[in-house]
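Peer 1: sequence and predicted structure below; questions after.
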Amino acid sequence: MFNLEMIKVGVFSYSEIPGWVSFTCDSQHESESLKTEILTRIPNSQFEVDIGFNMLIPKQELEIIISNGWRPRPLHRIENQLLADLKERRRERNSLFDEAQEVTTSNITTTLEGLNLKREPTTFQTENLTRLLRFKSGATFSVPGAGKTSEAICFWLYHRRANERLLIALPKVASMPWKHELNQWLGWGNNEILTLNEPATNMRNFLFENPEKTVYLVNYHKLRGAVSQIANFMAATSSDGWSMILDESHYIKNSNGSTSLAARQLSGFVDGCKLIMTGTPAPQGPEDLRAQAEFLQGLPLSEDQSRDLIERIHVRTSKEDLGLLEPDLEPIIRPHKQIHKNAYDELVENVIEEISSNSNTLNLRSVRPHMMTLRRAATDPDSVPGIPHHLVSEELPWKFEYVIERIRIASKEGRKIIVWSTFVSHLERLENLLLEFDPAIVYGAISSDPNASLRGRAKIGSREWMFDKFKFDASCSVLLANPAACGESISLHHWCNEAIYFDRSYNAAHYLQSKDRIHRYGQHPETEEHTCRINQVQYKILITEDTIDNRINDRLEEKITAQNVLLESGQFHIALEEEGTPDSTIQGEQSGGASDQDVLDFINSFR
């Protein structure tokens, strides 16, 4: 016979600390078993060891592990009120998208008018909001420049309760635009908005020193590094309520990645609204939607369930809906100078020989470095690392001469130009050649820390400083930029309507995002005119004749046409990107965004 009094029982009950649950037991085995169950599902769990073998667990984390399959052992007991609340929370999550609440334009207008906002949503933004606001969680996949940030602010304000806080996860470059939009809509500044720029080791203190803020901005890199500290703060302040927004939510598409796990862990602390925002929701197919859908619903979902959910609730504004003037895209096609052509041709011969000698064991990945070599050489053969000495030339390649002349003309006319390049070496050489035009420069090494400098030069500060310099400093006529570093979230259309593409990679998403920096919806802050409805945007695409530039141009056109069809269809069972396209959020631009088809096209161009 078992002596029931000898059996170790674990009891879950509400803690005296708001938002926390106590697990009381007198068995090390029970305590360690529960710790293992929690850490298996939440690697950055906030649980704390209390007196003896007892534990303190954030209530939201208990909900998360239950959602992910954990069940109390038969000898565990859950206090009645806690059990009832857990069941109700589970029911809420399961039924989150069951019933759509009808929201009219009149409902939106009345609610927002009561908040004394400084702006009003546009007609197409209001139409999207009538669909988004049917549920407490939503997805907006509008084209860049359509005002997704404005939609998100209105979505949150419509749902917001008194004293509720908002956490926004975003790319590094997006903090400045969000601050600007929150100021334009609400007049908010540093008293209401906090950017989480502190090191992870100091993040907890930083947060608890600033509990009076309303909006907390955190980039995805900081999010995954400081998820424990942020979760701890959200748990401690849960009585006021939290909402959460993911800007460029495709950053969490890798379900097993640390960024994705961090975002979904923090979503468990959200009892307000949730929103995902991106123009490319499923770059590599429907599996990309699963983490984003799970963030919204707070439950594990299959690929089919995720796709069905997103297809049902998402909204999208197309480029045509914005009423902008059609941009003028002009390919500038010129041959290499003879000395550079000789160098390029010899590099091509080397590539052909290398590919031919390895034809029996050739794999597509091994070809990509050769593509990178010729991408560099199509602009400037001297920029190729390890180029033979006899191929080096002191003569300036034609693309550099073209850019210098265009900037000179623009400077005389009081205009500004953006020059895009995927290679930092090209940007830095242009910077030295354009010193008289006081260039701003932004690429990956330019810090998003407002106090940072680079190479010991005081004039090179943060990305925000560079953008402000380009916009407001009359002596600065040109911004030299890398699409991977500032192709997202930046609005420059009020200050610039011409962009030169010095070179391009195969990455269609980066190319499209960079184009939208100056071709987007929005009123000029001074004239209140819709800039891109009255000023035509110009794109100059520099293509060196008979080089890989030609192949890149053709492949980008094919990809963009196919992607537009898929995005407008609103169906996500087909990948936006071609098979074999590297994930640029993980691998950056090292691969040049080349898909398997791009590599095959490159190989076939030599046959």
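Peer 2: On my side now, so go ahead.

Peer 1: how about stretch 209-226: buried residues?
Peer 2: Along stretch 209-226, these residues count as buried under the neighbour rule (16 or more other Cβ atoms under 10 Å): 213-220, 222-226. No exception for glycine: its C-beta is placed from N, CA and C like everyone else's.

Peer 1: and those, which of them are in helices?
Peer 2: Y220, K222, L223, R224, G225 (DSSP state H).

Peer 1: ok, the first one - contacts?
Peer 2: Residues counted as contacts of Y220 (Cβ atoms under 8 Å, 6 or more residues apart in numbering) are A169, L170, P171, K172, Y251, I252, T259.

Peer 1: which helices and strands does the helix ranked longest in the chain pack with?
Peer 2: In the chain, taking DSSP H as the definition, the longest helix is helix 548-569. Contacting helix 548-569 under the criterion 3 or more Cβ pairs under 8 Å, 6 or more residues apart in numbering; DSSP states H and E are the following elements: helix 364-379, helix 508-515, strand 538-544, helix 596-604.

Peer 1: does anything pack onto the second one? Which helices or strands?
Peer 2: Using 3+ Cβ pairs under 8 Å, 6+ apart as the contact criterion, the elements in contact with helix 508-515 are helix 483-486, strand 498-501, helix 548-569.

Peer 1: about what we covered before: closest one of the buried residues of stretch 209-226 to E353?
Peer 2: Minimum distance to E353 across the buried residues of stretch 209-226 is 42.4 Å, recorded for Y220 (Cβ to Cβ).

Peer 1: dump the ones in helices among the buried residues of stretch 209-226 into CSV; add distance to A445 and pLDDT as well.
Peer 2: Below are those laid out as CSV (distance: Cβ to Cβ, whole Å; pLDDT from 0 to 100):
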residue, distance to A445, pLDDT
Y220, 18, 96
K222, 18, 95
L223, 21, 95
R224, 21, 93
G225, 19, 92
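
Peer 1: quickly name whichever of these is closest to D503.
Peer 2: Y220 (27.1 Å).

Peer 1: any idea how many residues pack against I404?
Peer 2: Counted with other Cβ atoms under 10 Å, the neighbours of I404 add up to 17.

Peer 1: does it touch L434 like I think?
Peer 2: Yes. Using Cβ atoms under 8 Å, I404 is in contact with L434, at 6.8 Å.

Peer 1: hmm, back to that, switch the helices and strands packed on helix 548-569 over to a markdown table; also include distance to K469, mean neighbour count and mean pLDDT.
Peer 2: Below are those laid out as a markdown table (distance: least, Cβ to Cβ, whole Å; neighbours: other Cβ atoms under 10 Å; pLDDT from 0 to 100):
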| stretch | distance to K469 | mean neighbour count | mean pLDDT |
| --- | --- | --- | --- |
| helix 364-379 | 25 | 21 | 93 |
| helix 508-515 | 19 | 23 | 92 |
| strand 538-544 | 22 | 21 | 98 |
| helix 596-604 | 36 | 18 | 92 |
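
Peer 1: just name the most buried of the helices and strands packed on helix 508-515.
Peer 2: Neighbour counts (mean count of other Cβ atoms under 10 Å) averaged over each of those peak at helix 483-486, with a mean of 24.

Peer 1: what's the average pLDDT for the longest helix of the chain?
Peer 2: If you average the pLDDT over helix 548-569, you get 90.

Peer 1: and for stretch 296-313?
Peer 2: Stretch 296-313 shows a mean pLDDT of 88.

Peer 1: mind listing what's buried along it?
Peer 2: 296-299, 301, 303, 305-311, 313.

Peer 1: not counting sequence-adjacent ones, nearest residue to Y14?
Peer 2: L82 (5.6 Å; Cβ to Cβ, 6 or more residues apart in numbering).

Peer 1: correct me, but that neighbour touches W20?
Peer 2: No. The criterion here is Cβ under 8 Å, and L82 misses it with W20 at 11.0 Å.

Peer 1: so which of the two has more stuff around it?
Peer 2: Neighbour count, other Cβ under 10 Å: between L82 and W20, W20 has more, with 22 against 18.

Peer 1: and the more buried one, what pLDDT?
Peer 2: 87.

Peer 1: next, it: phi, psi?
Peer 2: phi -120, psi 150 (degrees, to the nearest 10).

Peer 1: I'd say it and P58 touch.
Peer 2: Yes. Counting by Cβ under 8 Å, P58 is a contact partner of W20 at 5.9 Å.

Peer 1: between these two, which contacts overlap?
Peer 2: Residues touching both W20 and P58 by Cβ under 8 Å, 6+ apart: A235.

Peer 1: what number of residues lie near E79?
Peer 2: Count around E79 with other Cβ under 10 Å applied: 14.

Peer 1: ditto for the one 4 residues further on
Peer 2: When counting by other Cβ under 10 Å, one arrives at 14 neighbours for L83.

Peer 1: mind checking which helix or strand it is in?
Peer 2: Using DSSP states H and E, L83 sits within helix 80-94.

Peer 1: so for that helix, mean pLDDT?
Peer 2: 85.

Peer 1: which other residues reach it?
Peer 2: 12-14, 21, 59, 62-63, 66-67, 78, 297-299.

Peer 1: among those residues, which ones are in helices?
Peer 2: By the criterion of DSSP H, membership of the contacts of helix 80-94 in helices covers K59, L62, E63, I66, S67, Q297.

Peer 1: reformat those residues as JSON lines; add distance to K416.
Peer 2: Shown next, in JSON lines, are the ones in helices among the contacts of helix 80-94 (distance: Cβ to Cβ, whole Å):
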{"residue": "K59", "distance to K416": "53"}
{"residue": "L62", "distance to K416": "54"}
{"residue": "E63", "distance to K416": "51"}
{"residue": "I66", "distance to K416": "55"}
{"residue": "S67", "distance to K416": "51"}
{"residue": "Q297", "distance to K416": "45"}
